[in-house]
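Asks: below: sequence and its predicted model.
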Amino acid sequence: MPAPHRQLPALVEPGPPMGRDELERYSRHALIPEIGLEGQRRLRNARVLVIGAGGLGSPALLYLAAAGVGTLGIIDDDTVELSNLQRQVIHGVADIGRTKLESARDSIEAINPGVEVVLHQLRLDSSNALELFNGYDIILDGADNFSTRYLVNDAAALLGKPYVWGSILRFDGQVSVFWDKYGPNYRDLYPEPPAPGTVPSCAEGGVFGMLCASIGAMMVTEAVKLITGIGQSLLGRLLIFDALTSRWREIRIARDPDAAPITELIDYDFFCGLVPPAEPGHDAGLITVPQLASRLANRKRGTEDFVLVDVREPVEFEISRIPGSVLIPLAGIKDGSALADIPRDVPLVLHCKSGGRSAQALASLKAAGYADVVHLDGGIDAWNRQGAG
C-alpha cells in the first residue's frame, strides 16, 4: 500500500472552458489556488455514482450538485416515507410516497440545473454492478447493509475505480476511501462480514439525524479531492466520529498481503449469511402479504388458528404494528429466553420490518424444534406498501 501522504493523480481530466454564469457560480472554488478554474473544470467533467438517496446519499448529492459535479448517477429502489425526513434532507413532506430518485432529482435540479442526473431505479446486485459502475469515475457508497458494501468493493476493485465509503449508526460514523489499484479495499478493513443480527441497521438501532450531514459532507470532501487531485486522501485511513463527544479519531488501514485477489462477483446475500436454507416446498418459509391477510381473515372467522409474532423492538411496535400481532423481540428468540412464551402446538407466522430479522428468528425456532413456522416476505414494510393494514 502507498504511504497515506502519497499524492494521487487527479481522477478526471478538465472539461472545456466555463461560461460567464458558471464562472460566477463557482467563483469561491476558483479562488482557492488548489482548485482554481482547472479543478472546477475537472468537477464539471466528472461522473459520480451515489448508491442510495437516503441518510448519507441526501447530503452527499446536495453538496456534489452544489460543487458542480457534471453528472450524478443515483441508485435507489425505495420510496419516501415520513420516518425518512428526520435525516434524509434531500426529501420533503410533499415527497412522501414518491420514489426517492424522483425526489432527489428535483432537489438537485433546484440547486443546480446544470447537473445531469441519471436515475437507476433498481436493486444493485452482481448481475448489474459492473455495467453500472463502468459508466462513472467514482462511486460513493451510502448503503446501509453489508452485502451491498462488499458488492460495491469487489465491483470497484475489478474495474480499478475508487470509491468513498461511509457508515452511520446511532451516534457513530465512519468514513474512508478504498481504491484497490493504489491501496487497501474494504475487505482489508472488514475481511469477513459480521454474523447476521449482530449489527443492527439504522431502521433497527436508530441514527442521530445530524450525523448524516457530518459523514456525508466528509464523503463529498474526499470525492472532490480525488476528482481534482488535491490534498491528502483518506486512502489507507479510517476516520471514526463520535457525535456524543464530538471527537474524531483515525485508524490506519493496511493492505492484507495474504488476502485472496478479487476475481469475480459472488452471491453477497449468501456471503453475508442473509439467505436462510431453503426447505422443499416451503419457499424458504416465506408467506406473502395477501396470504397473511387471508389467514388473518380466517383467524377472525374462527376457521384457522395461528400466532402472528412481531420480532422487532418495543419502540418499533409502538410506532406501527400489524393488528393481531404479539411482540417477542428477536434477541429473546435467539438466546432462548423467550421460547417459553411461544407456543409449540399452533402454527407461527413471524414478521419484522423488512424480512431480515424474521428470517433469523425462523432459523432459531427451527433449530429449537418448532415445526410449523413461516415469516412474512418483506415484513411490515411490504404489508404497509400493499395497503393490507
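Replies: Structure's in. What do you need? Quantities reported herein were computed from a predicted structural model and do not represent experimental measurements. Numbers count the residues shown, from 1 in each chain.

Asks: show me where this protein has its strands.
Replies: With DSSP state E as the criterion, the chain has strands at 47-51, 71-75, 116-120, 138-141, 163-169, 172-178, 237-242, 247-252, 286-287, 307-310, 325-327, 348-351, 373-376.

Asks: to Pro9, which of those lies closest?
Replies: Closest to Pro9 of the strands of the chain, according to C-beta to C-beta: strand 138-141, at 13.0 Å. No exception for glycine: its C-beta is placed from N, CA and C like everyone else's.

Asks: quick one: neighbours of Pro347, just the number.
Replies: 16 (other C-beta atoms under 10 Å).

Asks: which ones are touching Val199?
Replies: Phe146, Leu169 (C-beta atoms under 8 Å, 6 or more residues apart in numbering).

Asks: going forward, the N-terminal residue is numbered 849.
Replies: In the new count, where the first residue is 849, that last one comes out as Val1047.

Asks: per-residue confidence for it?
Replies: Per-residue confidence at Val1047 stands at 71 (pLDDT).

Asks: coming back round to it: quickly, which of the strands of the chain bottoms out on average pLDDT?
Replies: Minimum mean pLDDT among these: strand 1134-1135, a mean of 91.

Asks: list the pairing partners of it within its sheet, with orientation.
Replies: Using DSSP bridges, strand 1134-1135 pairs in its sheet with strand 1221-1224 (parallel).

Asks: tell me which residues are up against the partner strand.
Replies: 1130, 1133-1137, 1140, 1195-1200, 1203, 1206-1207, 1209-1210, 1213-1214, 1230-1231.

Asks: if we go to 7 Å?
Replies: 1133-1135, 1140, 1196-1199, 1203, 1206-1207, 1210, 1213-1214, 1231 (C-beta atoms under 7 Å, 6 or more residues apart in numbering).

Asks: please apply the same query to stretch 1101-1114.
Replies: 849, 974, 977, 999, 1002-1003, 1005-1006, 1024, 1031-1032, 1035-1037, 1039, 1084-1086.

Asks: any low-confidence regions in the stretch 849-998 of the chain?
Replies: 849-854 (pLDDT under 70).

Asks: my error: substitute the stretch 1049-1198 of the chain in the last question.
Replies: 1049-1052, 1122-1132.

Asks: can you list the residue ranges for helices in it?
Replies: 1050-1053, 1057-1076, 1116-1119, 1137-1149, 1162-1167, 1178-1183 (DSSP state H, counting those that start in this stretch).

Asks: counting contacts, what elements does the third one pack onto?
Replies: Helices and strands touching helix 1116-1119, as assessed by 3 or more C-beta pairs under 7 Å, 6 or more residues apart in numbering; DSSP states H and E, comprise helix 994-1007.

Asks: just checking, what packs against the helix it packs on?
Replies: Helix 994-1007 packs on helix 977-981, strand 986-989, strand 1011-1017, helix 1034-1037, helix 1116-1119, going by 3+ C-beta pairs under 7 Å, 6+ apart.

Asks: and the strands of the chain as CSV, adding distance to Ala1043 and mean neighbour count?
Replies: Listed next are those as CSV, based on distance: least, C-beta to C-beta, whole Å; neighbours: other C-beta atoms under 10 Å:
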stretch, distance to Ala1043, mean neighbour count
strand 895-899, 24, 26
strand 919-923, 27, 23
strand 964-968, 31, 16
strand 986-989, 22, 26
strand 1011-1017, 16, 26
strand 1020-1026, 19, 23
strand 1085-1090, 21, 17
strand 1095-1100, 22, 11
strand 1134-1135, 22, 18
strand 1155-1158, 22, 22
strand 1173-1175, 24, 15
strand 1196-1199, 19, 26
strand 1221-1224, 19, 25
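
Asks: nearest to Gly1077 among the ones you listed would be which one?
Replies: strand 986-989 (12.3 Å).

Asks: name the residues that touch that closest one?
Replies: 859, 896-899, 908, 981, 997, 1000, 1004, 1009-1013, 1067, 1071, 1074-1075.

Asks: quick one: distance of stretch 1191-1204 to the chain centre.
Replies: In terms of C-alpha atoms, centre = their mean, to the nearest Å, the centre of stretch 1191-1204 is set 26 Å apart from its chain centre.

Asks: now swap in stretch 1199-1218 and tell me
Replies: 23 Å.

Asks: can I get it in CSV, CA atoms only?
Replies: Provided in CSV are the C-alpha atoms of stretch 1199-1218 (Å, rounded to 0.1, in the frame of the first residue of the first chain):
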residue,chain,number,x,y,z
HIS,A,1199,-42.5,-10.7,10.8
CYS,A,1200,-40.1,-7.8,11.3
LYS,A,1201,-39.5,-4.6,9.4
SER,A,1202,-38.4,-6.0,6.0
GLY,A,1203,-37.7,-9.7,6.5
GLY,A,1204,-34.1,-10.0,7.7
ARG,A,1205,-34.7,-10.4,11.4
SER,A,1206,-37.7,-12.6,10.9
ALA,A,1207,-35.6,-15.0,8.8
GLN,A,1208,-33.1,-15.2,11.7
ALA,A,1209,-36.0,-15.8,14.1
LEU,A,1210,-37.3,-18.6,11.8
ALA,A,1211,-33.9,-20.3,11.7
SER,A,1212,-33.6,-20.1,15.6
LEU,A,1213,-37.1,-21.5,16.1
LYS,A,1214,-36.5,-24.3,13.6
ALA,A,1215,-33.3,-25.2,15.5
ALA,A,1216,-35.3,-25.2,18.7
GLY,A,1217,-37.7,-27.8,17.3
TYR,A,1218,-40.6,-25.6,16.1
